[in-house]
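Asks: Below are the sequence and a predicted model; questions follow.
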Amino acid sequence: MKVNLPEDRKQAKEVKIELMRFMMAYKFALEEVNTKINILQQEFQYIHDYNPIEHVKSRIKSPESIFKKTKKKGHDFSLVAIRENIRDIAGIRISCSFISDIYKISEMLQNQKDITVIESKDYIKNAKPNGYRSLHLIIEIPIFMSDREERVYVEIQIRTIAMDFWASLEHKIYYKYKKEVPKRLKNELKDAATSAMELDKKMENIHLEMNQLKENVELEEDIQEITIDKERFFLPYDFLTGVSEKKG
Ligand code: 0O2
(Lines give C-alpha, C1' and ligand atoms only; values in the text may rest on other atoms or scores of the structure.)
Protein backbone atom coordinates (compact mmCIF):
# COMPACT_ATOMS: atom_id res chain seq x y z
CA MET A 1 0.00 0.00 0.00
CA LYS A 2 1.35 3.45 -0.92
CA VAL A 3 0.91 5.77 2.04
CA ASN A 4 2.36 9.11 0.99
CA LEU A 5 -0.59 11.47 1.47
CA PRO A 6 -1.31 12.65 5.03
CA GLU A 7 -4.91 11.40 4.70
CA ASP A 8 -3.67 7.94 3.56
CA ARG A 9 -1.24 7.80 6.47
CA LYS A 10 -4.01 8.66 8.91
CA GLN A 11 -6.21 5.90 7.55
CA ALA A 12 -3.31 3.43 7.43
CA LYS A 13 -2.52 4.21 11.07
CA GLU A 14 -6.13 3.51 12.06
CA VAL A 15 -6.07 0.19 10.21
CA LYS A 16 -2.74 -0.66 11.83
CA ILE A 17 -4.20 -0.09 15.30
CA GLU A 18 -7.24 -2.16 14.40
CA LEU A 19 -4.99 -4.97 13.14
CA MET A 20 -2.91 -4.79 16.28
CA ARG A 21 -6.00 -5.18 18.45
CA PHE A 22 -7.11 -8.04 16.21
CA MET A 23 -3.76 -9.85 16.61
CA MET A 24 -3.61 -9.16 20.35
CA ALA A 25 -6.75 -11.25 20.88
CA TYR A 26 -4.87 -14.24 19.40
CA LYS A 27 -1.87 -13.62 21.63
CA PHE A 28 -4.17 -13.64 24.68
CA ALA A 29 -5.90 -16.78 23.44
CA LEU A 30 -2.52 -18.51 23.14
CA GLU A 31 -1.62 -17.46 26.67
CA GLU A 32 -4.90 -18.85 27.98
CA VAL A 33 -4.54 -22.18 26.21
CA ASN A 34 -0.87 -22.46 27.22
CA THR A 35 -1.90 -21.98 30.86
CA LYS A 36 -4.55 -24.68 30.50
CA ILE A 37 -1.98 -27.07 29.01
CA ASN A 38 0.48 -26.25 31.77
CA ILE A 39 -2.09 -27.04 34.47
CA LEU A 40 -3.09 -30.32 32.79
CA GLN A 41 0.58 -31.24 32.49
CA GLN A 42 1.31 -30.60 36.17
CA GLU A 43 -1.83 -32.38 37.36
CA PHE A 44 -1.03 -35.36 35.16
CA GLN A 45 2.49 -35.45 36.55
CA TYR A 46 1.15 -35.61 40.13
CA ILE A 47 -1.46 -38.24 39.47
CA HIS A 48 0.31 -40.53 37.02
CA ASP A 49 3.88 -39.70 37.99
CA TYR A 50 5.06 -38.94 34.48
CA ASN A 51 4.89 -36.06 32.05
CA PRO A 52 2.68 -36.83 29.01
CA ILE A 53 3.88 -33.73 27.15
CA GLU A 54 7.38 -33.52 25.78
CA HIS A 55 7.10 -29.97 24.48
CA VAL A 56 4.65 -27.27 23.50
CA LYS A 57 5.22 -24.70 20.80
CA SER A 58 2.90 -21.85 20.02
CA ARG A 59 2.93 -19.20 17.35
CA ILE A 60 0.87 -16.41 15.92
CA LYS A 61 0.54 -16.41 12.16
CA SER A 62 2.36 -13.40 10.72
CA PRO A 63 0.27 -10.70 8.99
CA GLU A 64 2.09 -11.68 5.78
CA SER A 65 0.97 -15.32 6.07
CA ILE A 66 -2.58 -14.28 7.01
CA PHE A 67 -2.64 -12.06 3.92
CA LYS A 68 -1.30 -14.83 1.65
CA LYS A 69 -3.74 -17.44 2.98
CA THR A 70 -6.73 -15.07 2.71
CA LYS A 71 -5.78 -14.25 -0.87
CA LYS A 72 -5.09 -17.87 -1.82
CA LYS A 73 -8.45 -19.04 -0.43
CA GLY A 74 -10.24 -16.12 -2.10
CA HIS A 75 -11.75 -14.77 1.12
CA ASP A 76 -12.86 -11.25 1.84
CA PHE A 77 -10.31 -8.96 3.54
CA SER A 78 -12.64 -7.67 6.26
CA LEU A 79 -11.45 -8.62 9.75
CA VAL A 80 -14.79 -10.34 10.38
CA ALA A 81 -14.23 -12.60 7.36
CA ILE A 82 -10.56 -13.20 8.20
CA ARG A 83 -11.50 -14.17 11.77
CA GLU A 84 -14.14 -16.58 10.48
CA ASN A 85 -12.12 -18.16 7.67
CA ILE A 86 -8.51 -18.25 8.85
CA ARG A 87 -8.79 -20.38 11.93
CA ASP A 88 -5.11 -21.04 12.54
CA ILE A 89 -3.96 -17.49 13.33
CA ALA A 90 -3.25 -18.79 16.83
CA GLY A 91 -1.59 -22.18 16.68
CA ILE A 92 -0.31 -24.55 19.34
CA ARG A 93 1.62 -27.76 18.73
CA ILE A 94 1.83 -30.31 21.53
CA SER A 95 4.33 -33.17 21.28
CA CYS A 96 3.54 -36.21 23.40
CA SER A 97 5.56 -39.31 24.14
CA PHE A 98 2.79 -41.80 23.44
CA ILE A 99 -0.26 -42.02 21.16
CA SER A 100 -2.59 -42.72 24.11
CA ASP A 101 -1.47 -39.43 25.69
CA ILE A 102 -2.54 -37.52 22.57
CA TYR A 103 -6.13 -38.65 23.08
CA LYS A 104 -5.98 -38.07 26.84
CA ILE A 105 -4.75 -34.49 26.39
CA SER A 106 -7.30 -33.88 23.65
CA GLU A 107 -10.15 -35.17 25.82
CA MET A 108 -9.03 -33.20 28.86
CA LEU A 109 -8.99 -30.00 26.79
CA GLN A 110 -12.33 -30.76 25.15
CA ASN A 111 -13.94 -31.31 28.58
CA GLN A 112 -13.17 -27.78 29.72
CA LYS A 113 -16.33 -25.70 29.97
CA ASP A 114 -15.03 -22.58 28.25
CA ILE A 115 -13.66 -24.50 25.26
CA THR A 116 -15.91 -25.14 22.27
CA VAL A 117 -14.61 -27.66 19.76
CA ILE A 118 -15.36 -26.39 16.29
CA GLU A 119 -13.58 -29.08 14.30
CA SER A 120 -11.57 -32.20 14.97
CA LYS A 121 -9.46 -34.01 12.36
CA ASP A 122 -7.87 -37.30 13.30
CA TYR A 123 -4.98 -37.85 10.91
CA ILE A 124 -3.70 -40.57 13.26
CA LYS A 125 -6.58 -42.96 12.67
CA ASN A 126 -6.77 -41.74 9.07
CA ALA A 127 -3.28 -40.70 7.96
CA LYS A 128 -2.98 -38.38 4.97
CA PRO A 129 -1.95 -40.18 1.73
CA ASN A 130 1.61 -38.77 2.08
CA GLY A 131 1.91 -40.38 5.55
CA TYR A 132 1.20 -37.28 7.69
CA ARG A 133 -0.20 -38.15 11.11
CA SER A 134 -1.42 -35.76 13.79
CA LEU A 135 -4.58 -34.87 15.71
CA HIS A 136 -5.94 -31.44 14.82
CA LEU A 137 -8.48 -29.48 16.81
CA ILE A 138 -9.95 -26.09 16.09
CA ILE A 139 -11.29 -24.73 19.35
CA GLU A 140 -12.97 -21.48 20.27
CA ILE A 141 -12.31 -19.77 23.60
CA PRO A 142 -13.52 -16.52 25.13
CA ILE A 143 -11.04 -13.74 25.81
CA PHE A 144 -11.99 -11.09 28.32
CA MET A 145 -10.57 -7.64 27.63
CA SER A 146 -11.08 -4.27 29.33
CA ASP A 147 -14.08 -3.29 27.21
CA ARG A 148 -15.23 -6.45 25.51
CA GLU A 149 -15.32 -10.21 25.32
CA GLU A 150 -14.12 -11.87 22.15
CA ARG A 151 -14.34 -15.45 21.00
CA VAL A 152 -11.15 -16.61 19.35
CA TYR A 153 -10.25 -19.66 17.29
CA VAL A 154 -7.10 -21.59 18.16
CA GLU A 155 -5.68 -24.49 16.16
CA ILE A 156 -4.18 -27.24 18.31
CA GLN A 157 -2.04 -29.94 16.71
CA ILE A 158 -1.26 -32.89 18.99
CA ARG A 159 1.20 -35.57 17.86
CA THR A 160 3.97 -37.83 19.07
CA ILE A 161 7.65 -36.90 18.86
CA ALA A 162 8.03 -39.38 15.98
CA MET A 163 5.10 -37.83 14.07
CA ASP A 164 6.54 -34.37 14.71
CA PHE A 165 10.01 -35.39 13.52
CA TRP A 166 8.47 -36.75 10.32
CA ALA A 167 6.25 -33.67 9.74
CA SER A 168 9.09 -31.18 10.15
CA LEU A 169 11.32 -33.08 7.71
CA GLU A 170 8.49 -33.44 5.22
CA HIS A 171 7.75 -29.72 5.55
CA LYS A 172 11.41 -28.84 4.83
CA ILE A 173 11.55 -31.15 1.80
CA TYR A 174 8.25 -29.80 0.48
CA TYR A 175 9.59 -26.24 0.60
CA LYS A 176 13.06 -27.11 -0.68
CA TYR A 177 11.56 -28.69 -3.80
CA LYS A 178 8.98 -25.91 -4.08
CA LYS A 179 6.14 -28.43 -3.78
CA GLU A 180 7.49 -30.60 -6.67
CA VAL A 181 8.95 -33.41 -4.56
CA PRO A 182 10.60 -36.19 -6.66
CA LYS A 183 8.69 -39.50 -6.60
CA ARG A 184 11.62 -41.38 -5.03
CA LEU A 185 11.70 -38.97 -2.05
CA LYS A 186 7.92 -39.15 -1.70
CA ASN A 187 8.16 -42.96 -1.45
CA GLU A 188 10.96 -42.72 1.09
CA LEU A 189 8.92 -40.31 3.17
CA LYS A 190 5.97 -42.69 3.06
CA ASP A 191 8.26 -45.53 4.26
CA ALA A 192 9.60 -43.31 7.02
CA ALA A 193 6.02 -42.51 8.11
CA THR A 194 5.30 -46.26 8.36
CA SER A 195 8.47 -46.78 10.43
CA ALA A 196 7.51 -43.87 12.70
CA MET A 197 4.08 -45.42 13.21
CA GLU A 198 5.64 -48.78 14.08
CA LEU A 199 8.00 -47.10 16.52
CA ASP A 200 5.05 -45.32 18.18
CA LYS A 201 3.24 -48.64 18.57
CA LYS A 202 6.29 -50.36 20.08
CA MET A 203 6.92 -47.51 22.51
CA GLU A 204 3.26 -47.58 23.55
CA ASN A 205 3.49 -51.31 24.34
CA ILE A 206 6.64 -50.85 26.43
CA HIS A 207 4.94 -47.95 28.22
CA LEU A 208 1.90 -50.14 29.02
CA GLU A 209 4.10 -52.89 30.45
CA MET A 210 6.00 -50.36 32.51
CA ASN A 211 2.73 -48.95 33.90
CA GLN A 212 1.68 -52.39 35.03
CA LEU A 213 4.96 -52.84 36.90
CA LYS A 214 4.58 -49.39 38.45
CA GLU A 215 1.07 -50.17 39.68
CA ASN A 216 2.40 -53.17 41.60
CA VAL A 217 5.16 -51.09 43.20
CA GLU A 218 2.72 -48.28 44.08
CA LEU A 219 0.52 -50.69 46.05
CA GLU A 220 3.45 -51.12 48.40
CA GLU A 221 4.30 -47.42 48.77
CA ASP A 222 3.75 -45.39 51.95
CA ILE A 223 0.06 -44.52 51.89
CA GLN A 224 0.45 -41.87 54.61
CA GLU A 225 2.55 -39.49 52.57
CA ILE A 226 1.83 -37.09 49.69
CA THR A 227 4.29 -34.90 47.79
CA ILE A 228 3.29 -31.53 46.33
CA ASP A 229 5.91 -29.38 44.58
CA LYS A 230 8.65 -31.59 45.98
CA GLU A 231 7.37 -30.96 49.54
CA ARG A 232 6.35 -34.04 51.49
CA PHE A 233 3.26 -34.01 53.68
CA PHE A 234 2.25 -36.51 56.35
CA LEU A 235 -1.33 -37.82 56.05
CA PRO A 236 -2.79 -38.67 59.49
CA TYR A 237 -4.43 -42.09 59.43
CA ASP A 238 -7.73 -40.71 60.87
CA PHE A 239 -7.87 -38.07 58.12
CA LEU A 240 -7.46 -40.79 55.48
CA THR A 241 -10.14 -43.02 56.95
CA GLY A 242 -12.47 -40.03 57.59
CA VAL A 243 -12.39 -38.91 53.95
CA SER A 244 -12.61 -42.53 52.83
CA GLU A 245 -15.79 -43.11 54.90
CA LYS A 246 -17.44 -39.95 53.49
CA LYS A 247 -16.68 -41.20 49.96
CA GLY A 248 -18.78 -44.26 50.77
P1 0O2 B 1 1.43 -23.84 8.28
O2 0O2 B 1 2.45 -22.98 7.65
O3 0O2 B 1 2.02 -24.98 9.06
O4 0O2 B 1 0.43 -23.08 9.10
P5 0O2 B 1 -6.36 -24.95 6.31
O6 0O2 B 1 -5.39 -24.84 5.16
O7 0O2 B 1 -5.68 -24.90 7.66
O8 0O2 B 1 -7.49 -23.97 6.23
P9 0O2 B 1 -6.57 -27.75 5.98
O10 0O2 B 1 -5.38 -27.83 5.08
O11 0O2 B 1 -7.73 -28.62 5.63
O12 0O2 B 1 -7.11 -26.31 6.15
O13 0O2 B 1 -6.13 -28.03 7.46
P14 0O2 B 1 -5.38 -29.27 8.05
O15 0O2 B 1 -5.40 -30.45 7.15
O16 0O2 B 1 -5.95 -29.43 9.42
O17 0O2 B 1 -3.88 -28.75 8.12
C18 0O2 B 1 -3.54 -27.66 8.88
C19 0O2 B 1 -2.07 -27.64 9.23
O20 0O2 B 1 -1.60 -28.97 9.51
C21 0O2 B 1 -1.15 -27.17 8.12
O22 0O2 B 1 -1.13 -25.78 8.15
C23 0O2 B 1 0.18 -27.79 8.54
O24 0O2 B 1 0.76 -27.09 9.63
C25 0O2 B 1 -0.27 -29.14 9.06
N26 0O2 B 1 -0.26 -30.14 7.98
C27 0O2 B 1 -1.33 -30.62 7.32
N28 0O2 B 1 -0.97 -31.52 6.40
C29 0O2 B 1 0.38 -31.63 6.48
C30 0O2 B 1 1.34 -32.43 5.77
O31 0O2 B 1 1.03 -33.21 4.89
N32 0O2 B 1 2.65 -32.25 6.12
C33 0O2 B 1 3.05 -31.39 7.10
N34 0O2 B 1 4.35 -31.30 7.38
N35 0O2 B 1 2.14 -30.62 7.79
C36 0O2 B 1 0.83 -30.73 7.47
P37 0O2 B 1 -0.79 -24.92 6.85
O38 0O2 B 1 -1.65 -23.71 6.87
O39 0O2 B 1 -0.86 -25.76 5.61
O40 0O2 B 1 0.69 -24.49 7.05
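Replies: Cool, the structure landed. Numbering: from 1, shown residues only.

Asks: Name the helix or strand for E119, please.
Replies: Using DSSP states H and E, E119 sits within strand 116-122.

Asks: hmm, who's touching that strand?
Replies: With contact meaning Cβ atoms under 8 Å, 6 or more residues apart in numbering, strand 116-122 is reached by R87, S106, Q110, L135, H136, L137, I138, I139, E140, I141, Y153. In short, each C-beta sits where N, CA and C put it, glycine included.

Asks: Inside helices: which ones of the residues you listed?
Replies: Counting by DSSP state H, these place S106, Q110 in helices.

Asks: who are the neighbours in contact with C96?
Replies: P52, I53, E54, I102, I105, I158, R159, T160, I161.

Asks: Quick one: buried ones out of these?
Replies: P52, I53, I102, I105, I158, R159, T160, I161 (16 or more other Cβ atoms under 10 Å).

Asks: Taking the residues you listed together, which two end up most distant?
Replies: I105 and I161 (13.9 Å; Cβ to Cβ).

Asks: Could I get the buried residue list for stretch 199-210?
Replies: Buried, per 16+ other Cβ under 10 Å, within stretch 199-210: D200, M203, E204.

Asks: ok, and the first one, which helix or strand is that part of?
Replies: Spelled out, that is D200. helix 183-219.

Asks: For the very next helix or strand once past that helix, give me every contacting residue.
Replies: For helix 183-219, the following helix or strand on the C-terminal side (DSSP H and E) is strand 225-228. Applying Cβ under 8 Å, 6+ apart, the external contacts of strand 225-228 come out as Y46, R232, F233, F234, L235.

Asks: How about Y177, nearest residue that isn't a chain neighbour?
Replies: In this structure, Y177 finds its nearest non-sequential neighbour in L185, 7.6 Å apart by Cβ to Cβ, 6 or more residues apart in numbering.

Asks: Now do the one you found: how many residues are near it, please.
Replies: 14 (other Cβ atoms under 10 Å).

Asks: I'd say it and I173 touch.
Replies: Yes. Using Cβ atoms under 8 Å, L185 is in contact with I173, at 6.2 Å.

Asks: Pairing partners for the helix or strand bottoming out on mean pLDDT in the chain, with directions?
Replies: Counting by mean pLDDT, DSSP states H and E, the chain has its least confident helix or strand at strand 225-228, which shows a mean of 82. In the sheet, strand 225-228 lines up against strand 231-234 (antiparallel) (DSSP bridges).

Asks: can you list the residues that contact the partner strand?
Replies: Contacts for strand 231-234 (Cβ under 8 Å, 6+ apart): Q224, E225, I226, T227.
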